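Everything below, folded, please.
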Amino acid sequence: MANSKSAEKRIKINKRNYLQNKYYKTSVRTLIKRFFQTLEVYKNSPSTGEKENLENLLSSIYSLLDKGTKKKIFHKNAAARKKAKLTAHLKAI
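You can find the predicted model right below:
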């Protein structure tokens, strides 16, 4: 229970930031899982549609990571590391 107005405001802000951080982190995690599932499908039977799908997924992951980094949800080096690993997996096939 908050004892002052500023403490009440801080509680509201923390809740807002928690929800925003959760959205970015879970979205990135989900897209990365989908990326690796699509990558496995592409490895087994390469097609241009799957390759396009992989590139679109990678683009949306990059976008979320960059936006999250801008809002200080992800550390810039952590985001760069994730992007580099995903790109390396894509280039390996």
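
Would you check that residue 24 makes contact with residue 73?
Yes: using CB atoms under 8 Å as the test, residue 24 is close enough to residue 73 to be in contact (4.8 Å). From N, CA and C alone the C-beta is placed, and that goes for glycine too.

Provide the backbone phi and psi angles at residue 2.
Backbone torsions of residue 2, given as degrees, to the nearest 10, read phi -80, psi 140.

Look up how far residue 5 lies from residue 73.
Using CB to CB, to the nearest Å, residue 73 is found at 27 Å from residue 5.

higher neighbour count, those two?
residue 73 (19 against 8; other CB atoms under 10 Å).

Show the pLDDT at the more buried one.
pLDDT, residue 73: 96.

Look at it and give its secondary structure.
Look at residue 73: counting by DSSP: H, G, I helix; E, B strand; the rest coil, its state is coil.

On the pLDDT front, check the residue nearest the centre of the chain for me.
Note on the chain: the residue nearest the mean C-alpha position is residue 28, at 2.2 Å, using CA atoms, centre = their mean. According to the prediction, residue 28 has pLDDT 98.
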